[in-house]
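Chemist: Here is my input; please provide its structure:
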Amino acid sequence: MKLTCLSEGRGYYFPPCHIVNICGFRVLLDCPLDLSALAVFSPLPIVISSLLDEKASIHSGQSSSNSESVRQEVSELLDSKKLIQAEPWYKTVKSLQLWSIYSIDVVLISSPMGMLGLPFLTRLKDFRAKIYATEAASRLGKLMMEDLISMHMELRQFYGPEESGCPQWMTWEKLELLPRALKDIVLGSDRTELGGWMSIYSAADMKGCMEKVQFLKYAEEACYNGSLTIKALSSGLEIGACNWNILSPKGNIIYLSGSVFASATATSFDYKALEDSDVLLYSDFAACNDVDGEKNDFPPATGSSYSSNIGSCWETIPESWLDSDEYSEEMEKVSFICSCVLDTISDGGSVLIPIGRPGVMLQLLENISLSLESSNLKVPIYFVSSVAEELLAFSNIIPEWLSSQLQERFCSGQPLFTHIQLSNEKKLFVSPAIHSSKFLTSWQEPCIVFCPHWSLRLGPVFHLLQRWCADPNSLLIIEERADIKLALLPFEPMSMKVLQCSFISGIKLKKAIPLLKILQPKHVLVPESLRPHISCWNPKFSVQSFSENETVVVPKLKAFADMDIAMDVASELLIDTKMIEGKNIARLKGELLIEQGKYRCVVRNKQVLSSQVRPLLFVGRVDLDSLLMALKKMGMKVAAQSSGGSEHVSLIFISEPSEALIEVTSTQTTISVGDETTASLISEAVRSTSVCF
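Modeler: Below you'll find the predicted structure:
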């Protein structure tokens, strides 16, 4: 197995992306878009005083000798006029563009956000991979893509038809004029990421993409090419989000993506199904963000203090501690948000909520409406999105993808969510756009608005922010992000209150190690920043780290693959065996098949034939020195070359009597020759160095 981390990602909205080579099949794990990079673009132009003009007036009386330093200082100032005034492009995983699309066999989607970049691949003529995703994740991902295309079309109406070829803003002359903060986003810190930018895909591209996706339910098995058995297991992160169990003839691999132990809306994290794997790819990078802030002093669930010996702590952490407090922590955050909303409404302000997580949005919608009712405050709630009606309708028909609390509500005959009742009571107004007649005729302030897009560059959020940004009584509720100043730049000066909130998007460091202790995989692949924290606990499994854009080779975990043989055939094989190099070897005639990720021997004739009436069978590894000597005795002109590294490879070049190449590794010997006479001689030399029976 080989792993290449194409992108470590940055949380829920930009999940990690990997390519794994399993038994000769290349598997792509997620295909996201970095939509936070949209912050470099300006939304529809708005009238704002220019800092550049102010700077120019201040320095107008200075001498020309200082003009160059002033120009350099001004060029680094970040204001709305420095943003790219053009139709946005979208940043994909740059390293994925370097891979041959034809070489990808399977694509596994772990969350709705993990499929937003998929149409860029499926629209290529060389794409032939099989795509697997849970039914809920694919439906939500489709709605997100439709909404993204719809919001982008609004900007295209302003900027006009799409430019043919490379847009003007991507020329080096324009890029050099960008402030450093914007240049780092566009080009990356190493200035190599410009090739990852793409123009938006079309609705036809999105439709063609969805036609290629095979939908799965949780724990439903799918078999690819008879060799890989693939199963989706709930991760708890979002409705339909999952981890993957991949069973191959060489063992099973677990892909652990962003996971949440106890969710208020989504099905809980099924970590029990991940136990005893051969390889666990730990790709939940939430723990990496905790490395600097977290201490490895895990709080005990029972109140007793742990021993200072970290080895004993590793053995004694109880399983019940894993999911002890996440649900209550999230509900406390929701309660705090509701209290802020009530305070804002009481002061006469409006509330804008552009949070992009479907589960969190549904949860906030319900809790805010209940808080308004209990406080006897009557203000309208708006949900503005081109896919709003379809999303709300879908949320009421997916009980199997929801948390146990919501499933209990469904079993008791209650609706899963309250938005249908709110709509009937004229408390919730659902509209496809802010310019629709339904929205305009029902509009009143103060109000609460749920709308896309969390980037603050697309969709209704821009127009509503432009309306309320100067109102100190209004409130913007947005998820915590590192580039919040850049995101709000087009709306400065900003008098509107801003509440940044963070929702759980993965496993924290203090719970990552107890989880691995419970799962007990044989081999774990972890991000480089997490490896020291895992290794210091002296786990009973081997730990290997990976970094972005590096290929990691996983050592073999099984010397031999398992094979199913019929009982009657197995008993007959025991009669006719031969001991060679400490191993019992027997012969039979039949076919070797791979079914459901396992080898299976299908015997054409149950009677085991004796070696006297069968061709000779040669067994054993090729000894390089003996083979070279045998080839030279036959008069061949040979040269040998060996390469080190994790996979030791020896090459034998034959130039006379005709050209041939022999490649010898620890697992196989490959002979490439185009002349029958030379092939016969090489075959004779190989047989002379092997054991036969």
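
Chemist: As a check, name the ranges of all strands in the stretch 1-150 of the chain.
Modeler: Along the stretch 1-150 of the chain, counting by DSSP state E, counting those that start in this stretch, strands occupy 2-7, 17-22, 25-29, 90-91, 106-108, 130-134.

Chemist: mind giving me CSV with these and columns for mean neighbour count and distance to H435?
Modeler: Any C-beta I mention is one placed from the backbone N, CA and C, and that applies to glycine too. Formatted as CSV, the strands of the stretch 1-150 of the chain follow (neighbours: other CB atoms under 10 Å; distance: least, CB to CB, whole Å):
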stretch, mean neighbour count, distance to H435
strand 2-7, 20, 37
strand 17-22, 22, 37
strand 25-29, 22, 39
strand 90-91, 22, 24
strand 106-108, 23, 37
strand 130-134, 24, 34
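
Chemist: of those, which approaches Y327 most closely?
Modeler: strand 130-134 (22.0 Å; CB to CB).

Chemist: and the angle for that closest one with strand 25-29?
Modeler: With axes from the mean of the first three to the mean of the last three CA atoms, to 10 degrees as the basis, strand 130-134 and strand 25-29 are set at 40 degrees to each other.

Chemist: residues in contact with strand 130-134?
Modeler: In this structure, residues lying in contact with strand 130-134 by CB atoms under 8 Å, 6 or more residues apart in numbering are 105-109, 115, 118, 122, 141, 212-218, 222, 224, 230, 232, 240-242, 401.

Chemist: I'd like to know which of those are buried.
Modeler: Buried residues within the contacts of strand 130-134, counting neighbours by 16 or more other CB atoms under 10 Å: 105-109, 115, 118, 122, 141, 212-213, 215-216, 218, 224, 230, 232, 240-242, 401.

Chemist: Just those: which are in helices?
Modeler: The subset of the buried ones among the contacts of strand 130-134 located in helices under the criterion DSSP state H comprises 118, 122, 141.

Chemist: out of those residues, who's nearest T669?
Modeler: Closest approach to T669 among these (CB to CB): T122, at 38.7 Å.

Chemist: Skip the chain neighbours and tell me the closest residue to that closest one.
Modeler: The shortest distance from T122 to any residue that is not its chain neighbour, by CB to CB, 6 or more residues apart in numbering, is 4.2 Å, and that residue is C209.

Chemist: Tell me the pLDDT of S60.
Modeler: Predicted confidence (pLDDT) for S60: 38.

Chemist: now swap in I654 and tell me
Modeler: The predicted local distance difference test score for I654 is 86.

Chemist: out of the strands of the stretch 1-150 of the chain, nearest to K378?
Modeler: strand 130-134 (39.2 Å).

Chemist: I'd like the distance from that closest one to the chain centre, please.
Modeler: Relative to its parent chain, strand 130-134 has a centroid offset of 13 Å by CA atoms, centre = their mean, to the nearest Å.

Chemist: which neighbours does it have in its sheet, and in what orientation?
Modeler: Strands flanking strand 130-134 in the sheet, each with its direction: strand 106-108 (parallel), strand 213-216 (parallel) (DSSP bridges).

Chemist: For it, list the C-alpha coordinates in PDB.
Modeler: Taking only C-alpha atoms (Å, rounded to 0.1, in the frame of the first residue of the first chain), the coordinates of strand 130-134 have been written out as PDB:
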ATOM      1  CA  LYS A 130     -16.100   4.400  -9.900                       C
ATOM      2  CA  ILE A 131     -17.500   6.900  -7.400                       C
ATOM      3  CA  TYR A 132     -19.000   5.800  -4.000                       C
ATOM      4  CA  ALA A 133     -20.800   8.100  -1.500                       C
ATOM      5  CA  THR A 134     -23.600   7.700   1.000                       C
END
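
Chemist: quick one, which of the strands of the stretch 1-150 of the chain is nearest to L177?
Modeler: Closest of those to L177 is strand 90-91, at 19.6 Å (criterion: CB to CB).

Chemist: Who are the packing partners of that closest one?
Modeler: Secondary structure elements in contact with strand 90-91, counted by 3 or more CB pairs under 8 Å, 6 or more residues apart in numbering; DSSP states H and E, are strand 197-198.

Chemist: If you count contacts, what does the strand it packs on end up packed against?
Modeler: Counting contacts by 3+ CB pairs under 8 Å, 6+ apart, strand 197-198 packs against strand 90-91.

Chemist: Which residues does the strand it packs on contact?
Modeler: Against strand 90-91 from outside (CB under 8 Å, 6+ apart): 33-35, 37-38, 117, 193, 196-200.

Chemist: State the mean pLDDT of it.
Modeler: The predicted confidence, averaged over strand 90-91, sits at 96.

Chemist: Partner strands of it and their direction?
Modeler: In the sheet, strand 90-91 lines up with strand 197-198 (antiparallel) (DSSP bridges).

Chemist: hang on, the earlier thing: secondary structure class for the residue nearest to T122?
Modeler: Three-state secondary structure (criterion: DSSP: H, G, I helix; E, B strand; the rest coil) places C209 in helix.

Chemist: wait, it sits on A129?
Modeler: No: the pair C209 / A129 is not scored as a contact, 11.5 Å apart, by CB atoms under 8 Å.
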